[in-house]
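Novice: quick one, fold the following:
(2 chains)
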Amino acid sequence: MIYVTFRKYLVLAGVTVFAAAGDSMLSHGMKQTGTISIHHLQGVILAILNPWVAVGIVLLLAFFASYMNALSWADLTYVLPATSLGYVLLALVAKFALHEQVSPMRWLGIALISGGVGFVAGGPALTAQHPDANSESPLLLKEARSGVPEHASAASTGAES
Amino acid sequence: MRHLYTWSGILVVVFFSVVGDILIARAMKQVGDVHAIVKRSGVWTVVGRVLSNSNFFLGVTTMAVAFFSLLFALSWGDVSLVAPAAASLTFIGNAFAAKIFLHERVDRRRWIAALLVAGGVALLAG
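Specialist: Here you go, the predicted model:
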């Protein structure tokens, strides 16, 4: 099992919070700028000048950086459920900050997602075989591997598992 | 007929989202544990490795295609169907694809997690 450090939990929290905050800012800004039609693409430029949209884009870039960081040390099937708490976060923000009505169906959705996160968080973060996973000198293996063609390394991973 | 268009749109979005996620995940596995590399040889080594990885660029391009196909699908179908259906099916698709293409061990725990999250997302966005 790969030990997930506090710093790595921070990265997962970053993925969750940046995605939720970025999406809500983008959505708030786009409601101010109005509909963009395919015939008036200059509307896109105006939209980017809106501060909410601009901050939203920066936050989504931060989301993507932390998402890639997480994928460098954890499985895709670990990162995706673990960071889906962002949906829950959005619903809670809607309820307690924006005072929107959250229907029973949505509360059920929140419960299901939280359950899913609990399930995946109890297991190992990394199961796929790759050089950094359990080697003493990842750099050496990594350098050796970079000289190997893609299909050859894929075949060797298949043989290991 | 309209339903057929909407669902084909959703499937196209799901396809490109899954391919994009798989490519990015594979790129980052090839780059290696970012924390370890930064500690060893600095952040610019990570940036260099990411920018010299072809799977990264393919992945970003595929995700862009997924984003624009989502915009098109949204213009054909209802937001309340397209958005949750696409998000939810992407979770399931990723579990299958990660098992096949990334050789991740998707055990019962992870299947249950993927199904619960997919169901939750569908309810939340619906």
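Novice: so what's the residue count around A:Pro51?
Specialist: 10 (other C-beta atoms under 10 Å in any protein chain shown). Glycine gets a C-beta too; all of them are placed from N, C-alpha and C.
Novice: for chain B, see how far away it is.
Specialist: From A:Pro51 across to chain B, the span is 22 Å (C-beta to the nearest C-beta, to the nearest Å).
Novice: is it true that that residue touches A:Gly29?
Specialist: Yes. A:Pro51 lies in contact with A:Gly29 (C-beta atoms under 8 Å); the separation is 7.4 Å.
Novice: how far away is B:Ala97 from chain A?
Specialist: 8 Å.
Novice: you'd agree that residue is up against B:Gly20?
Specialist: No. Here B:Ala97 does not reach B:Gly20: they are 10.6 Å apart, not a contact under C-beta under 8 Å.
Novice: what helices or strands is the lengthiest helix in chain B leaning on?
Specialist: In chain B, with assignment by DSSP state H, the single longest helix is helix B:2-31. Counting contacts by 3 or more C-beta pairs under 8 Å, 6 or more residues apart in numbering or on different chains; DSSP states H and E, helix B:2-31 packs against helix A:51-73, helix A:76-82, helix B:43-51, helix B:54-76, helix B:79-101.
Novice: that one vs helix B:54-76, what angle?
Specialist: Orientation of helix B:2-31 against helix B:54-76 (axes from the mean of the first three to the mean of the last three C-alpha atoms, to 10 degrees) gives an angle of 160 degrees.
Novice: centre of the chain to helix B:2-31, how far?
Specialist: Helix B:2-31 has its C-alpha centroid displaced from the chain centroid by 6 Å (C-alpha atoms, centre = their mean, to the nearest Å).
Novice: on the C-terminal side of it, identify the next helix or strand.
Specialist: For helix B:2-31, the succeeding helix or strand toward the C-terminus, using DSSP states H and E, is helix B:34-41.
Novice: that next one relative to helix B:43-51, how many degrees between them?
Specialist: Relative orientation of helix B:34-41 versus helix B:43-51 (the same axes, to 10 degrees): 130 degrees.
Novice: mind giving me the packing neighbours of helix B:34-41?
Specialist: helix A:51-73, helix B:43-51.
Novice: who wins for proximity to B:Ala125 among these?
Specialist: With distances scored as C-beta to C-beta, the stretch of these nearest to B:Ala125 is helix A:51-73 (18.0 Å).
Novice: which segments of chain A make up each domain?
Specialist: Using automatic domain parsing, the domain parsing of chain A gives A:6-128, A:129-161.
Novice: tell me the pLDDT at the spatially most central residue of chain B?
Specialist: What sits nearest the mean C-alpha location of chain B, by C-alpha atoms, centre = their mean, is B:Asp21, with 3.4 Å. pLDDT recorded at B:Asp21 is 95.
Novice: I'd guessed it sits against A:Leu76; true?
Specialist: Yes. In this structure, B:Asp21 is within contact of A:Leu76 by C-beta under 8 Å, at 6.1 Å.
Novice: what sits in contact with each of those two?
Specialist: B:Asn94 (C-beta atoms under 8 Å, 6 or more residues apart in numbering or on different chains).
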